[in-house]
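[1] What follows is a predicted protein model with its sequence.
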Amino acid sequence: MAAVLLTDDAREDLRGMDGAQRKLVLKALKKLEDSPEHRGAPLGSRSRGDLTSFRKLVVGDRDYRIVYRVERDGTVVVVWVIAGRADDRCYELAMSRLRLRGGAIAAEIVQLLDTAWQRGG
């Protein structure tokens with residue numbers, strides 16, 4: 001069973017959705033707890049950047065995407081983006097967030113893991 005953790009940006013994405021959208025996304029996030037490395041589809045390299053370590057999960061009637069990364073041991077899933085799929089917006093958001101937070105991501109993952117495992121700091 002994997003712990004599903006959302007970055008601050010992904011939490012904001014979720015908060016910005018209406019109730020019906022949020023309900024669909026929460027159901028999809030719950031599915032990521034079981035074999036997340038086999039759910040969704042792997043992303044690759046694009047002209048605008050490299051998302052090869054990420055996966056995408058389609059939500060609803062193909063309207064939304066969850067962009068996430070499964071940590072190496074498979075026990076933690078970090079969700080980076082929850083967004084509409086129109087015009088590849090979700091992938092552009094993932095790339096911009098990755099560029100913006102690249103140096104801070106290791107610290108954020110440690111913080112998320114500490115929270116998930118309720119370790120004090």
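    Received the coordinates, thanks. Numbering: from 1, shown residues only.
[2] middle-most residue in the protein, spatially?
    Residue closest to the mean C-alpha point of the chain, counted by CA atoms, centre = their mean, is Val79 at 1.9 Å.
[3] Now that one: which helix or strand?
    Per DSSP states H and E: Val79 is located in strand 76-84.
[4] Tell me the spacing between Ser45 and Ser53.
    11 Å (CB to CB, to the nearest Å). All C-beta spots, glycine's among them, are computed from the backbone N, C-alpha and C.
[5] Same check on Asp61?
    28 Å.
[6] Quick check: which helices or strands does the helix or strand where Val67 lies pack against?
    Val67 is part of strand 64-70, with elements assigned from DSSP H and E. Applying 3 or more CB pairs under 8 Å, 6 or more residues apart in numbering; DSSP states H and E, one finds that strand 64-70 contacts helix 19-31, strand 55-59, strand 76-84, helix 89-101.
[7] need the least confident one among these, by mean pLDDT.
    Among the helices and strands packed on strand 64-70, helix 89-101 carries the lowest mean pLDDT, a mean of 81.
[8] With only the CA atoms kept, save that one in CSV.
    C-alpha atoms of helix 89-101 as CSV (Å, rounded to 0.1, in the frame of the first residue of the first chain):
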residue,chain,number,x,y,z
ARG,A,89,-1.9,22.3,-19.8
CYS,A,90,-1.3,19.6,-17.2
TYR,A,91,2.1,18.7,-18.8
GLU,A,92,3.1,22.4,-19.1
LEU,A,93,2.3,22.9,-15.4
ALA,A,94,4.3,19.8,-14.5
MET,A,95,7.4,21.1,-16.4
SER,A,96,7.1,24.6,-15.0
ARG,A,97,6.7,23.3,-11.4
LEU,A,98,9.6,21.0,-11.9
ARG,A,99,11.8,23.8,-13.2
LEU,A,100,10.7,26.2,-10.5
ARG,A,101,11.0,23.7,-7.6
